[in-house]
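Enquirer: here is a sequence together with a model predicted from it:
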Amino acid sequence: MSTARKAIPRRRGSMVAQETRLAWALVSPTFLIVFGLVLFPAIFSVWISFHDVTLRNLNDVFHAPFVGWQNYRNVINDFAFKYQGPQSWGAAVTSIVYSFASTILTVIVGLIAALLLNRPFRGRGLTRAIFLIPYVAPIVSVAFVWRWILDPRPSGVLNDVLMRLGLIEMPKAYLATRGLALVLVIIFEAWRYFPFAMLMILARLQALDKTLYEAAKVDGANTLQQFWYVTLPDLRYVIGSVFLLRLMWTFNKFDDIWLLTGGGYGTNVLPVLTYQFSFKSYNFGKGAATAMILLAILVIFLLVYVRLVMRDTDAS
């Protein structure tokens, strides 16, 4: 009898050990993938940013000389990074202006589209599907369509239309004009990603309590007052979350600007500058330092958001 009682805890212990080994066996492939594709590249980028890594020693990168903060100083002092006046903002200021302007415009257009599509009308489902096209279409295709529209030659769509209407006499290079090029890439970013904001806001709009609007009508509130005092307060956390996500994604965006302007004509941002340092100048340490500076700015944005928005959420 005592032998049987001793065998039961042993069996339970062996079963727990087997389950633990099985759990590690099931988790290990995912852990290896995450470590190989996410953790190790991130840690390695930090390591590279403190070393002199170029084409000369790329075949023996782990023995590259340690240079401390020199790569960061080189980036900050580079003319392509720092602000040099109204005619040359530098990649840091351009990134901030581009990210905030395009994100604000994205949220505003997405909010307007969500308010329109929240109303019942014939063909609403088809209209929603059409509004999603900019977001689901491949970036290469939509970028080249925009480049075709803004082509500087007379055959460009916009130049051809404006010349036929007599609004311009000569074709213009819209994406090669400093100032205008940045405005156009901001508009492109808002046009391409407003469906994301629209979907998030529309989902919240459809969950709003209709009795709130009925009570507001009884109190004599007009349509604008209903939006300002009923709709907008209920959407502020959704709008705040969408704004933060789009701001971080836009700040990291490389392909949109690269396909439209290549980072030229006042549209050079930090992701493009990282590419230029790494794969045009072949200074991988300097490129990694630029990426770390970009990460630090994003962390600052995140901390500000948590203090301002999440604090209000806890208070409410």
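Expert: Cool, got the structure.

Enquirer: for stretch 52-63, measure first residue to last.
Expert: 10 Å (Cα to Cα, to the nearest Å).

Enquirer: any idea how far residue 291 is from the residue nearest to the spatial centre of the chain?
Expert: Taking Cα atoms, centre = their mean, the centroid of the chain lies closest to residue 249, which sits 1.1 Å from it. Distance of residue 249 to residue 291, computed by Cβ to Cβ, to the nearest Å: 16 Å. Glycine gets a C-beta too; all of them are placed from N, C-alpha and C.

Enquirer: what is the neighbour count of the nearest residue to residue 261 once chain neighbours are set aside?
Expert: Using Cβ to Cβ, 6 or more residues apart in numbering and skipping residues adjacent in sequence, the residue nearest residue 261 is residue 267, 4.6 Å away. Residue 267 has 25 neighbouring residues, counting by other Cβ atoms under 10 Å.

Enquirer: I'd say residue 267 and residue 181 touch.
Expert: Yes - counting by Cβ atoms under 8 Å, residue 267 touches residue 181, with 5.2 Å between them.

Enquirer: and for the two, which residues touch both?
Expert: Contact with both residue 267 and residue 181 is made by residues residue 261, according to Cβ atoms under 8 Å, 6 or more residues apart in numbering.

Enquirer: so where is the chain shaky, pLDDT-wise?
Expert: Counting by pLDDT under 70, the ranges of the chain that qualify are 1-13, 309-316.

Enquirer: re the thing from before, please list all residues in contact with the residue nearest to the centre of the chain.
Expert: So residue 249 contacts residue 193 (Cβ under 8 Å, 6+ apart).

Enquirer: one more: residue 204?
Expert: 234, 235, 238.

Enquirer: which ones among those residues are found in helices?
Expert: Residues from the contacts of residue 204 lying in helices, with DSSP state H as the criterion: 234, 235, 238.

Enquirer: for residue 243, see how far away the residue lying closest to the first one once chain neighbours are set aside is.
Expert: When you say that, I think you mean residue 234. Leaving aside its sequence neighbours, residue 234 sits nearest to residue 208 (Cβ to Cβ, 6+ apart; 5.9 Å). Residue 208 is 20 Å from residue 243, where distance means Cβ to Cβ.
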